[in-house]
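Chemist: please work out how this folds:
(2 chains)
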Amino acid sequence: MWIAIECRSRLSNWQESLLEIACAITPSLVWHDREILLLDVTSSLQWLGGAHALKRRLRKEFSQQQINTQVAMAPSAMGAWLLVIGTSTSESWRYALSLRRLSSWLNDLDVALLQAAQPFLTWLHRLGCRRLGQLQSLNRQELAQRTNKSLIDALDLAYGKRPFIYKPLKLPPRFSARWELPYLIEQCSDLEPYLKRSIQQLCQWLSQNQLAISSLECRLHHRDRLRARPPTVLNLSIAQSTGKFSVLWRWLQTRLEVTRLIACVSDLEFLSRSLEPSRKENHLLFSDHNEDVQSLAQTLDLLRARLGCSSVQQPKPLADYRPERANQWVASSPASPTSTPLPLGAHCPAWLLHSPRPLACVQDRPALNGPLRILHGPYRVEAGWWDHQFVMRDYFVATDTSSRRYWIYRERGQIQSQWFLHGLFG
Amino acid sequence: MNQSLPDYVELCCQSEFSFLQGASSPEALIARAAQLGYRALALTDECSVAGVVRAWREARAQGIKLIIGSLLRLQNPDSSQWSVVVLVQSQTGYAALCQAITVACARASSKGKYLFLSEDLASLVQCLAILLPPPASDPHAIPQAITQLQQYFPGSWWLGDSVLLHANEPLVRQELIELTNTHQLPRVAIGQVLMAKRSDKPLQDVMTAIRVRQPVQTCGWALTPNAEQHLRTRQRLAQLYDDLALEQTLRIADRCQFELSSLRYNYPAEIVPAGYSEQAYLRQETWSGAQIRYPGGIPGHVREQLNHELDLIAELGYAAYFLTVYDMVRFARSRDILCQGRGSAANSAVCYCLGITEVDPQHGNTLFERFISRERNEPPDIDVDFEHQRREEVIQYLYERYGHERAALTAVQITYRPRSALRDVGKALGISDSVIDQLAKSQAWWDATPTWVESELAQRTNLDERQIKQWIYLSRSLMGKARHRSQHPGGFVLSRDPLSQLVPIEPARMENRRVVQWDKDDLDELGLLKVDVLALGMLTVIRRALHLAARRLNLPNLRLQDVPRNDRATFDMISQADTVGVFQIESRAQMNMLPRLKPREFYDLVIEVAIVRPGPIQGGMVHPYLRRRQGLEPVTYPSDSVKSVLSRTLGVPIFQEQVMKLAMVAAGFSAGEADSLRRAMAAWRRRGGLDKFQTQLIDGLTNNGYEPDFAQAIFRQIEGFGEYGFPESHAASFAWLAYVSAWLKCHEPEAFVTALLNSQPMGFYAPSQLIQDAKSHGVTVLPVDVQQSDWESGLCFLCQSHDQSLRPSVRLGLNQIKGLPHIAVMRILAARSSKGFISLDDLRLRADLSPALLTLLAEAGALQSLTQHRRAAIWNAALPESGKGLWSAPITSEASENDLPIASEAEEMSLDYQMLGYSLGRHPVSFVRELLFAQRYRTACELRAKRQGALARACGLVILKQRPHTAAGVMFVTLEDESGSVNVIVQPGLIERERQTLLQAKLLGVVGVWQTDGSVCHLLAGRLIDETAKLREIA
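Modeler: Residues are numbered from 1 along each chain as shown, chains lettered A, B, ... in the order given. Okay, here's the model as predicted:
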């Protein structure tokens, strides 16, 4: 007996939730065309209390997870699949517990649903063959001569005349564990021994499976007599995957320092979000450059953990002639930044003012603590009409009496040209 | 003030002919340069001289010197790029440049690209070179470029110095100046101009974005940082450059002394037999032709006319031109290919005597000056139409005779049209594909000029107002800009010397075709010989129909001349507008005119052909003529001299010549001036320039005592002629073909429809309508049958005696089946010639047909005679081949155990439409008639009984949609149902409201008001309903 499930309302993690429900029913499952999950429940149906009990259970779980599904149950896998595909949205369940029932339903379905019939569809239509029943009633041998074997096979699979051979889904490794604390904990510091133990378990699991972790979710579940509270979630993502206790612990500790508990903690839960095979490196006799990179990455991780991702910034130059656009900074992320090559010989200071500062004008010359002397220029920029931030500027490199170098510009296109300071050279 | 400014010549300037680089037209650049007081301007498009003729024309008008050159990008072995501008000094230099461009284009991997190697520089004799500084050249490529240029251009090359205010410019210029010092090189100011005005920058950015296929927002450094690459004022240049660099531009300009007008073009020589001069040979052939044309002796005034024409031809040296066309026509005649000349020069007695045209000068009122004038040294123009299915033979003959070196096709510059502009600009502005698609699709084919309304766009899309303004503004600016170059369908340029000395030649996309870089107007301007080898489908139809009719009539052959003139029955048929398939007078507008004009003789047809044209319609000539013809208005003339010109057309000017002659007799124009007027008439919509004639004409007319109203009316008509007014000879040529085809339709309908079917695609109507029409005229049309049909459709005589009273039936050919290859049909015919097929297996074996081909035949219903019914044929045809050896097992019997149900009539009809595009069975609409009846739709036949102003509902297949721009935005739709067709008029307001319905509906329901004046009926649409879903249900 097979069950086919199609998810009609696709939330972001619908596949995970669906698998979670399905795994509890049977380990024999497989994704088929059009993202339909097929479950072989032949061996577990008895244990689950029969078809009707299974239906009740699934309905309940789907409604709990708020998944809108289309389900069919049939003696053949492809039969169940076709029933799901060929069913209108109004009814969400279809049963065909016997082969006879299945074939009477299949007979009414459109030939086009059968993938193998696609190459012959026009031909079949021209023969007046539009339903699976009509196709089934044609002489098999002659049909095979005129079409191909895969069409016949597909028909047989659907009508349960051939076994469905498949490779069961292998679920990716995942760490998920929840521990109940012996008593309710109010202080973060009191959590430390339990968290330490949990991380040790995680590290043990990682080394057993030869894995390293780069993203982890730690949930602190609360118990409050007055009202239900969502768990406090601590998200970890680090630049280089690791299985080391010390690294993970240091991170968690840092996060804990800046976390305030909203209520007593009753349970701890760890969920792995991103796992990679662990890389065992040979130790060198002398330390190499690699370590510096690692330590930089670790420092950045630490900074991000302590200050928050948005507080650590990195440059992300953009190909645009307007300096304030070209000179962009974004929140630093563990993924390596992509660089944009600068135009040949462009010289603009990396240090731009947040917004250009108007300069005073003394005897028609720009002044900043005294008149400025122009060294180079102009470099003319006329760009940005496309996003309605059109600029018309002449840039100059200027210097003052103390030989500091400034990047200044004159706004063009106005009756009285105005000078601005835009950047400083280091 | 002006005196103190330095003189300047811009030596690097790219126009829109450097596709998607330059933003301005050559004319705009020249005009701007003249306005700024530049001494000269060099037009240097990338590997192209396509824009030079236009620039030259404008330069003459503006009185500024034009230098011709080209920008070439070269690659060093280390793949660093550098660019050089090459300027021609003399005619030799120009020829060398054209040759070099031709070679570079031929070397490229694909059309529109080129590969110029540094060795090619050696061939550029008498040219000057300027090395472009960065960013046009890679900085590290420059030393190598200097070595190359030193080698190939000793003493005649410069280092370009550009001040474009780029970020790194001071550094780059510093290095360049050091280079000039170390190598002792001369340095010249150069602007690398891409646009005429600073304000063209957004358009230039959009072009760049289209070129690099990215939205302009993400183009980044591919754009230029500022708009300095425009034609700058001399004042500005004086601030930016030193005097030395500016002065060098003048020196270079002084060394470039080439003028396009000095190009010497020679007509091909081989057309004349040895020992003859061109003129003598033309004279001899003309007179001997005249003897044949007038076996009873040449009439006196024709003799006079011939002498006059031959003298003028001799004086202007056009004999070779006439002989070239004569040679081509003679070839076609020898191969039995029908052809007919038209075009401006075909109006001559010489052409008639040489057999190029069929319009007898004896009856015509020919005006030789119309095509040749002493005052304007422009070549005459003769277009020759050939049978469209055999034109290729003529083209191959030309290539054979003149060689690929000396014969090439004319170019057509493809420009941006509303829809393509909207699409490309939309993409460049980063607007999502779906929005662009939505909008471009709503921009229907009938919108000749864009009707973009901002509010409407805002409603349809969720773009903000500024974005929409930008989109529209830029799309409008982009419209009309050159997009790429394509080939003219039949315009040939022929010359005595290799063409690539005159103009660069590029390979065309079609195998073995090569295209010059200039279009028709450019060639005209320079007096290069151009012969139009055009294709006319109707000639094919007439030849085929005459051939078939001869068979029916048991005649050895039937020629065009044998068709009886002034046949009453034919004119009766024409007067009833029963003209589906007839040449020229089958369009909706013509069919509406025919019952009103009621042609009774040949000249009426000439007028009919000429009057239903945008020219006379816009000039408001149609209704006065009709009223006068129907006797509702007296025929009057403002003076006797006008009467002499207009008496043939009841005082209303209809033909181009009449307008010209009127200008001559009434407004005092000379013959040459009148010809200039004609040329201006033909081109004013593209270029303008009619204003100067307006004052001359109106003043001339009023001075000679005519009413100002009359003068204005004449001028309005001249404007109208800009859109394809017909010269009389042209109209007469076409009317003759229209008459012959109408005669065939009237007396030989079977032969006519067969010939039409075999000559598809052509004309207004699809095979479906042609067959419907033939059936309604009592022609029996038999379906495609593998036992009976040939490759083409043919006539099927009932008995061998060819009894003339027994009409033959038409057997459709196997070529009607879409996708059936010719070679397979040849196998079928070869197998059938010995013995008919007895079964499907027999056909499969003997004709060696694959299951796919047999299935095609079965699906099209061509196997009906071999099987029980169509579905059984389809089933049995799909049986695979079971080995071809002698000993292979016999194929299983055809009798299938499956009892396939017989297809319903509607299914058969649907299959017919899928496979053939029409059905010989019931009309599709008849299947849904009951449904339509329930919705109170009436048949076309029932509607005809309605009175004027009655409310009516019609529903039918949409077979024709036309929106002529003379009809003030009105669209004409023809609906067809089982009883006939209904003509629907859709007003512009309704078109806008029901755009989607009009674009998509195959079966259209119309509710509206019935309009009739006795002979012509229309349904004025008030509401449109898409009923296509009904058809889908039954299939």
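
Chemist: neighbours of whichever residue of the stretch 301-426 of chain A sits closest to chain B, just the number please.
Modeler: The nearest approach of the stretch 301-426 of chain A to chain B comes at A:A319, 2.4 Å away (Cβ to the nearest Cβ). Yep, even glycine has a C-beta here, placed from its N, CA and C like the rest. Per other Cβ atoms under 10 Å in any protein chain shown, the neighbour tally for A:A319 reads 17.

Chemist: for it, give me its contacts.
Modeler: Taking Cβ atoms under 8 Å, 6 or more residues apart in numbering or on different chains, we find A:A319 in contact with A:326, A:340, B:218-221.

Chemist: quick one: buried ones out of those residues?
Modeler: When neighbours are counted using 16 or more other Cβ atoms under 10 Å in any protein chain shown, the contacts of A:A319 contain these buried positions: A:326, B:219-221.

Chemist: now, among those residues, which is nearest to B:V563?
Modeler: Set against B:V563, the nearest of these by Cβ to Cβ is B:C219 (63.9 Å).

Chemist: looking at it, the closest one is touching B:T208, isn't it?
Modeler: Yes. Under the criterion of Cβ atoms under 8 Å, B:C219 is in contact with B:T208, at a separation of 6.1 Å.

Chemist: picking that back up, distance of the residue of the stretch 301-426 of chain A closest to chain B from A:P119?
Modeler: Here the criterion is Cβ to Cβ, to the nearest Å. By it, A:A319 lies 47 Å from A:P119.

Chemist: which residue does chain B have closest to chain A?
Modeler: B:G220 (2.4 Å).

Chemist: got phi/psi on that residue?
Modeler: With angles defined as degrees, to the nearest 10, B:G220 sits at phi 60, psi -120.

Chemist: chain neighbours aside, what residue packs nearest to it?
Modeler: Once flanking residues are discounted, B:G220 sits nearest to A:A319: 2.4 Å by Cβ to Cβ, 6 or more residues apart in numbering or on different chains.

Chemist: phi, psi of the one you found?
Modeler: The phi/psi pair for A:A319 (degrees, to the nearest 10) reads phi -70, psi 90.

Chemist: the strands in the stretch 301-426 of chain A, which residues?
Modeler: A:313-315, A:329-331, A:351-358, A:360-362, A:365-367, A:373-383, A:391-399, A:405-411, A:418-424 (DSSP state E, counting those that start in this stretch).

Chemist: buried ones in the fifth one?
Modeler: When you say that, I think you mean strand A:365-367. For strand A:365-367, burial by neighbour count (16+ other Cβ under 10 Å) applies to A:P366.

Chemist: wait, the residue of chain B closest to chain A sits on A:D320?
Modeler: Yes. Counting by Cβ under 8 Å, B:G220 does reach A:D320; the two are 6.3 Å apart.

Chemist: what touches both of those two?
Modeler: Counting by Cβ under 8 Å, 6+ apart, B:G220 and A:D320 have no common neighbour.

Chemist: count of residues packed around B:R293?
Modeler: By other Cβ under 10 Å, the residues close to B:R293 number 17.

Chemist: report pLDDT for the residue in the stretch 51-200 of chain A that chain B sits nearest to.
Modeler: Nearest residue of the stretch 51-200 of chain A to chain B, counting by Cβ to the nearest Cβ: A:R146, 4.0 Å away. For A:R146, the model assigns a pLDDT of 85.

Chemist: pretty sure it sits against B:I874.
Modeler: No. Between A:R146 and B:I874 there is no contact, the gap being 9.7 Å when judged by Cβ under 8 Å.

Chemist: when the two are compared, which one has more neighbours?
Modeler: B:I874 (26 against 22).

Chemist: the closest residue to that one other than its chain neighbours is in what secondary structure piece?
Modeler: Leaving aside its chain neighbours, B:I874 sits nearest to B:A858 (4.5 Å; criterion: Cβ to Cβ, 6+ apart). Using DSSP states H and E, B:A858 falls within helix B:851-859.

Chemist: list the buried ones in that helix?
Modeler: Applying a neighbour-count criterion of 16+ other Cβ under 10 Å, one finds B:851, B:853-859 buried in helix B:851-859.

Chemist: check stretch B:196-208 too.
Modeler: The neighbour-count check on stretch B:196-208 (16+ other Cβ under 10 Å) flags B:196, B:200-208 as buried.

Chemist: and if you look at stretch B:493-505?
Modeler: Using 16+ other Cβ under 10 Å as the test for burial, stretch B:493-505 gives B:493-495, B:498-505.

Chemist: what's the answer for stretch B:695-706, then?
Modeler: B:696-698, B:700-701, B:704, B:706.

Chemist: contacts for it, please.
Modeler: Here stretch B:695-706 makes contact (Cβ under 8 Å, 6+ apart) with B:638-639, B:663, B:666-669, B:673, B:677, B:708, B:710-712, B:714-715, B:718.

Chemist: ok so, going back, ok, the residue of the stretch 51-200 of chain A closest to chain B - contacts?
Modeler: A:R146 touches B:851, B:875, B:878-880, counting by Cβ under 8 Å, 6+ apart.

Chemist: need the helix or strand of chain A with the lowest average pLDDT.
Modeler: Least confident helix or strand of chain A, by mean pLDDT, DSSP states H and E, is helix A:289-307 with a mean of 70.

Chemist: excluding chain neighbours, what is closest to the residue sitting furthest away from the middle of chain A?
Modeler: What lies farthest from the middle of chain A is A:Q363; by Cα atoms, centre = their mean that is 59.5 Å. Closest residue in space to A:Q363, ignoring its immediate chain neighbours: A:P371 at 7.2 Å, by Cβ to Cβ, 6+ apart.
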